[in-house]
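A.B. asks: Need the 3D shape of this:
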Amino acid sequence: MEPTDKATEPIHELQLLIAVVILLWSIEIVDSVFLSDALQSQGIRPRTLSGFDGILWAPFLHGSFGHLISNTIPFIVVGGLVMLRGIRRWLAVTLTIMVVGGLLVWLLARPTLHIGASILVFGYLGYLLVVGFFEKDLRWIAIGVGVLFVYGGAIIWGLLPFQRGISWEGHLFGMAGGVLAAYLLSKPD
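C.D. replies: The predicted structure follows:
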């Protein structure tokens, strides 16, 4: 008896999540080892024409291996939770966060380079915190409360503007993109 599509979905979801993590690490290895960190300059540079395409590249670029390490586990955890809704939903949430969060960074952030998967991490956090309320689904409200319990401190510190070398704007606007994605993708009553 062949497995149904529903039975193989978790495997495909996990494979996709692992593939994205491998992509993030591969980019950082190539950039650090072979390109002397040249790719980092392809991030978002607010209000510059040359920095506009960074909206697409910034989530895949990191300033160091330490930066990437700090994003990897939260990306797997909260990205994996979003992926429980299915690959299509995860892709829609991810693209919404990248476009909305990235565009807001480009329009409103400090004039410095903004890179890192934390724009996605904070976007996924924003999505998970509110999707249960928009959909009036107790299971997803409980997941949102759990996420708040586990990551509440990181959320607060990540949104504060006094940390040097951290794009709190990327965190804030990524979270805004995640909340917007939850609103736009919620099932109607």
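A.B. asks: Mind listing what's buried along the host helix or strand of Gly80?
C.D. replies: Element membership for Gly80, per DSSP states H and E: helix 65-83. Neighbour-count burial for helix 65-83 flags 67-68, 70-72, 74-76, 78-79, 81-83 (criterion: 16 or more other CB atoms under 10 Å). From N, CA and C alone the C-beta is placed, and that goes for glycine too.
A.B. asks: Just send these back as CSV, with distance to Leu91 too.
C.D. replies: Converted to CSV, those look like this (distance: CB to CB, whole Å):
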residue, distance to Leu91
His67, 24
Leu68, 22
Ser70, 24
Asn71, 19
Thr72, 20
Pro74, 19
Phe75, 15
Ile76, 17
Val78, 15
Gly79, 11
Leu81, 15
Val82, 10
Met83, 9
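A.B. asks: so, if you compare these, which one comes nearest to Ile141?
C.D. replies: Leu81 (13.2 Å; CB to CB).
A.B. asks: which residue is nearest the centroid of this protein?
C.D. replies: In the chain, the residue lying closest to the centroid (CA atoms, centre = their mean) is Leu120, at 0.9 Å.
A.B. asks: what is the orientation angle of the helix or strand hosting that residue with helix 65-83?
C.D. replies: Assigned by DSSP H and E, Leu120 belongs to helix 118-135. Using axes from the mean of the first three to the mean of the last three CA atoms, to 10 degrees, one finds that helix 118-135 and helix 65-83 are set 20 degrees apart in direction.
A.B. asks: so what secondary structure elements neighbour helix 118-135?
C.D. replies: Contact partners of helix 118-135 among helices and strands, from 3 or more CB pairs under 8 Å, 6 or more residues apart in numbering; DSSP states H and E: helix 65-83, helix 87-96, helix 138-159, helix 168-185.
A.B. asks: Dump the C-alpha coordinates for the helix or strand hosting Leu107 into PDB.
C.D. replies: Under the criterion of DSSP H and E, Leu107 resides in helix 102-108. C-alpha atoms of helix 102-108 as PDB (Å, rounded to 0.1, in the frame of the first residue of the first chain):
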ATOM      1  CA  GLY A 102      12.300  44.000   3.800                       C
ATOM      2  CA  LEU A 103      10.500  46.900   2.200                       C
ATOM      3  CA  LEU A 104       9.800  48.500   5.600                       C
ATOM      4  CA  VAL A 105      13.500  48.200   6.500                       C
ATOM      5  CA  TRP A 106      14.400  49.700   3.200                       C
ATOM      6  CA  LEU A 107      12.000  52.600   3.700                       C
ATOM      7  CA  LEU A 108      12.400  53.300   7.400                       C
END
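A.B. asks: Could you export the buried residues of helix 65-83 to a markdown table, including columns for distance to Ser41 and pLDDT?
C.D. replies: Formatted as a markdown table, the buried residues of helix 65-83 follow (distance: CB to CB, whole Å; pLDDT from 0 to 100):
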| residue | distance to Ser41 | pLDDT |
| --- | --- | --- |
| His67 | 15 | 96 |
| Leu68 | 17 | 97 |
| Ser70 | 21 | 95 |
| Asn71 | 19 | 96 |
| Thr72 | 22 | 97 |
| Pro74 | 25 | 96 |
| Phe75 | 22 | 97 |
| Ile76 | 27 | 97 |
| Val78 | 28 | 97 |
| Gly79 | 26 | 97 |
| Leu81 | 32 | 97 |
| Val82 | 29 | 97 |
| Met83 | 31 | 96 |
